[in-house]
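# Predicted model follows, preceded by the sequence.
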Amino acid sequence: MSVAIINYGLGNIKSISNALKVNGIPYFLTNKATEILRAKIVILPGVGSFPEGMRLLKEQNLIEPIKQFSQSNKPMIGICLGMQLFFESSSEFENCKGLGLIKGKVTKLLKDDTNFHQKVPNIGWRQTFKKHDQNSILEGLAFEESFYFTHSYYCQPNNDQDILMESKFGHKSFCAAVISNNIYGFQFHPEKSSTQGLKIINNIKVLL
């Protein structure tokens with residue numbers, strides 16, 4: 001088994017699959033616990049709301065396998081909503097419990113009244129800055145790069161050391177990527193972020 005993309009019904013499956021294929025990384029789609037646990041790396045994608053994501057994971061009996069995989073020390077990667085679901089809770093639409101793999105919460109982006117061009121959701125290419133320069137998944141990236149975002153909520157880790165990258169919404173910095181032990185998360189879409197995003201995808205090879 002190689003890289004498992006969890007296909008639970010809310011993922012940007014096609015673009016992630018294409019990015020892995022371009023980089024020659026073997027992958028498969030699954031929503032089966034046994035296949036998830038046998039994989040070398042698991043990717044949890046996601047486009048949509050936090051409560052809906054958790055509902056679908058629960059309906060398909062995927063919560064426990066994901067938690068079990070996270071304890072294996074094998075790499076797990078969350079993209080967009082997938083990253084958010086790793087956290088303990090979210091306030092999107094309702095107070096909703098997450099997977100609890102990373103301590104912290106997911107909260108709404110707030111418009112800065114001093115920036116009249118700022119809109120929620122935060123959509124488009126945004127400057128992003130490294131916080132952990134030596135991490136292998138960021139190999140080949142400059143300190144500052146632009147990536148493609150589309151989101152209205154963001155993650156707030158309890159531990160600042162879990163922040164891998166930051167970006168800005170108006171004048172306020174927010175967590176753009178996380179690392180916590182074997183767990184990685186990206187709020188932006190590396191698979192939709194051209195050359196610099198594909199560098200992150202290609203660096204998955206280092207984790208295999």
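Structure received.

# how about low-confidence regions in the chain?
Confidence mapping of the chain against pLDDT under 70 gives the ranges 1, 112-117.

# which residues of it fall in strands?
3-6, 27-30, 41-44, 76-79, 87-90, 96-97, 102-108, 122-130, 144-151, 153-157, 163-169, 172-180, 183-186 (DSSP state E).

# The last one pairs with which strands, parallel or anti?
Its sheet considered, strand 183-186 pairs with strand 76-79 (parallel), strand 172-180 (antiparallel) by DSSP bridges.

# So which residues make contact with that strand?
Identification of contacts with strand 183-186 by CB atoms under 8 Å, 6 or more residues apart in numbering yields 70, 75-80, 82-84, 86, 101-102, 137, 147, 155, 164-165, 176-179, 200. For every residue, glycine as well, the C-beta is placed using N, CA and C.

# For the residue nearest the centre of the chain, list the residues it contacts.
In the chain, the centroid-proximal residue (CA atoms, centre = their mean) is Ile79; its distance is 2.7 Å. The contact partners of Ile79, taken as CB under 8 Å, 6+ apart, are 12, 16, 43-46, 185-186, 189-191.

# Most neighbours among those residues, please name it.
Tallying neighbours with other CB atoms under 10 Å puts Leu44 at the head of those, with 31 neighbours.

# Count the residues that sit near the nearest residue to it once chain neighbours are set aside.
Nearest non-adjacent residue to Leu44, counting by CB to CB, 6 or more residues apart in numbering: Gly82, 3.7 Å away. Residues near Gly82, counting by other CB under 10 Å, number 28.

# cool, and the one 3 residues further on?
The criterion is other CB under 10 Å. On that basis, Leu85 has 27 neighbouring residues.

# Same question for the one 3 residues further on.
A total of 15 residues lie near Glu88 under the criterion other CB under 10 Å.

# How about Ser193?
Neighbourhood size, Ser193 [other CB under 10 Å]: 22.

# From Asp133, how far out is it?
Ser193 is 19 Å from Asp133, where distance means CB to CB, to the nearest Å.

# Over to Leu109?
Taking CB to CB as the measure, Leu109 and Asp133 are separated by 26 Å.

# same thing with Gln118?
Taken as CB to CB, the span from Gln118 to Asp133 is 28 Å.

# likewise Pro26?
With CB to CB as the criterion, Pro26 and Asp133 are 29 Å apart.

# more crowded one of the two?
Taking other CB under 10 Å, Pro26 and Asp133 do not tie; Pro26 has more neighbours (11 against 8).

# Hmm, Asn61 is touching Ile36, no?
No. Taking contacts as CB atoms under 8 Å, Asn61 lies outside contact range of Ile36: 10.8 Å.

# quick one, which of the two is more surrounded?
Comparing Asn61 with Ile36 by neighbour count (other CB under 10 Å), the higher total belongs to Ile36, at 20 against 11.

# Perfect, that will be all.
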